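Peer 1: coordinates only, sequence not included:
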């Protein structure tokens with residue numbers, strides 16, 4: 001384990017402890033997901049680990065040519081509450097509208113090896129990036145990332161047990 005990976009693991013545990021203490025995480029399965037998924041793999045290179053593992057910072061992942069933010073990873077407290085409120089569990093199939101990879105990885109941990117996550121976005125650059133990052137993080141076989149518009153049914157999939165719009 002490198003110094004940075006050890007520091008990231010420590011900050012990940014501290015973040016999870018804070019989310020537990022604040023009541024944002026209440027289920028053991030989500031606690032385990034937050035302790036396991038390395039958020040630093042899903043943010044732009046050079047993002048300070050203190051920002052990555054902050055309770056209330058979103059992290060911008062894409063801007064346009066004018067510097068306008070187009071996509072981001074939501075603040076961790078928002079992700080925790082959304083997942084808790086969705087009532088997800090092992091074996092469920094989940095649709096995530098808006099992808100970046102990290103939240104989909106958390107969802108994959110929550111639904112476990114018998115569940116499945118489909119993560120969609122209308123931006124091909126964002127879906128390509130999310131797919132690569134999920135594959136690199138070991139979630140490629142448990143999360144399908146598609147470029148699709150959530151206004152229409154997701155092609156090739158039936159009903160979902162839960163839907164999160166991120």
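Peer 2: Perfect, thanks for sending it. Everything numeric here is computed off the predicted structure, so don't read it as measured data.

Peer 1: Give the next helix or strand downstream of the top helix by length along the chain.
Peer 2: As assigned by DSSP state H, the longest helix anywhere in the chain is helix 3-21. Sequence-wise, the next helix or strand beyond helix 3-21 is helix 28-36, with elements assigned using DSSP states H and E.

Peer 1: Residue nearest the middle of the chain, spatially speaking?
Peer 2: The centroid of the chain falls nearest to residue 103 when counting by CA atoms, centre = their mean (1.2 Å).

Peer 1: Not counting sequence-adjacent ones, nearest residue to residue 104?
Peer 2: Using CB to CB, 6 or more residues apart in numbering and skipping the chain neighbours, the partner closest in space to residue 104 is residue 119 (4.1 Å). Quick note: C-beta positions are derived from backbone N, CA and C, even for glycine.

Peer 1: Just give the nearest non-adjacent residue to residue 57, would you?
Peer 2: residue 51 (5.4 Å).

Peer 1: quick one: buried residues of the helix or strand harbouring the one you found?
Peer 2: Per DSSP H and E, residue 51 falls inside helix 49-52. Neighbour-count burial for helix 49-52 flags 49, 52 (criterion: 16 or more other CB atoms under 10 Å).

Peer 1: Would you mark the buried spots in the helix or strand immediately after it in the chain?
Peer 2: As assigned by DSSP H and E, the chain's next helix or strand after helix 49-52 is strand 59-63. Of the residues in strand 59-63, 59-61 count as buried by neighbour count, 16+ other CB under 10 Å.

Peer 1: And the pLDDT for residue 72?
Peer 2: If you check residue 72, the pLDDT there is 85.

Peer 1: same question for stretch 119-139, mean pLDDT?
Peer 2: For stretch 119-139, the mean per-residue pLDDT is 96.

Peer 1: Outside of that stretch itself, list whatever touches it.
Peer 2: Stretch 119-139 has contacts (CB atoms under 8 Å, 6 or more residues apart in numbering) with 37-38, 41-42, 61-62, 70-71, 95-101, 103-105, 107-108, 140, 143-150, 154.

Peer 1: And the most far-flung residue of the chain relative to its centre, how far from residue 47?
Peer 2: Taking CA atoms, centre = their mean as the measure, the residue most remote from the mean C-alpha position of the chain is residue 66, 26.4 Å away. Using CB to CB, to the nearest Å, residue 66 is found at 21 Å from residue 47.
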